[in-house]
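Trainee: got a sequence here, can you model it:
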Amino acid sequence: QVHLTESTGGLVQAGGSLRLSCVASGITFSRYSMAWFRQAPGKEREFVAAISFSGGTTYYEESVKGRFTISRDDAKNTVYLQMNSLKSEDTAVYYCAADPSVTAMYNGEGHWGQGTQVTVSS
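Mentor: Just a heads-up that it's a prediction; the model follows:
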């Protein structure tokens, strides 16, 4: 059975930083691309960032480019999202996802975590 477990998010002031992690089990992690999505209150879930199974390619939503960094540690079955220069509009529930295909996750497929709340106070 596949499990994706996100770290606890939290409350951070605007301009601050936070790092999320997501530990995967039940999959051959090195063969999976990983991604982060988020859903703000009253809005649809949106793509944030993704990293290919090789780690060689990363993708970012335009509004987080230059502020967020996705990375992975295959030895720990873990994907990270380093979030810097946080803004109030980054407030959302953040979800980790796994699938061999980044496109599949973008289409809502793959395995998903339960989500973790990130709140940015202005």
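
Trainee: ok, R38 touching V93?
Mentor: Yes: under the criterion of C-beta atoms under 8 Å, R38 makes contact with V93 at 6.5 Å. C-beta here means a position set from N, CA and C on the backbone, and glycine is covered the same way.

Trainee: quick one: which of the two has more around it?
Mentor: R38 (22 against 18; other C-beta atoms under 10 Å).

Trainee: how much space between that one and D74?
Mentor: 24 Å (C-beta to C-beta, to the nearest Å).

Trainee: could you pull out the strands in this protein for me?
Mentor: With DSSP state E, the ranges of strands along the chain come out as 3-6, 10-13, 18-25, 33-39, 46-51, 58-60, 68-73, 78-83, 92-99, 111-112, 116-121.

Trainee: any chance of the ones you listed in a markdown table with mean pLDDT and distance to M105 as columns?
Mentor: Shown next, in a markdown table, are the strands of the chain (pLDDT from 0 to 100; distance: least, C-beta to C-beta, whole Å):
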| stretch | mean pLDDT | distance to M105 |
| --- | --- | --- |
| strand 3-6 | 97 | 11 |
| strand 10-13 | 96 | 24 |
| strand 18-25 | 98 | 13 |
| strand 33-39 | 98 | 5 |
| strand 46-51 | 98 | 7 |
| strand 58-60 | 97 | 10 |
| strand 68-73 | 97 | 12 |
| strand 78-83 | 98 | 12 |
| strand 92-99 | 98 | 5 |
| strand 111-112 | 98 | 9 |
| strand 116-121 | 98 | 17 |
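
Trainee: tell me the contacts of the residue nearest to G113 when sequence neighbours are not counted?
Mentor: By the measure of C-beta to C-beta, 6 or more residues apart in numbering, the closest residue to G113 outside its immediate chain neighbours is L4, 3.7 Å from it. The contact partners of L4, by C-beta atoms under 8 Å, 6 or more residues apart in numbering, come to C22, V23, A24, C96, A97, A98, H111, W112, G113, Q114.

Trainee: would you list the phi and psi of P100?
Mentor: With angles defined as degrees, to the nearest 10, P100 sits at phi -60, psi -30.
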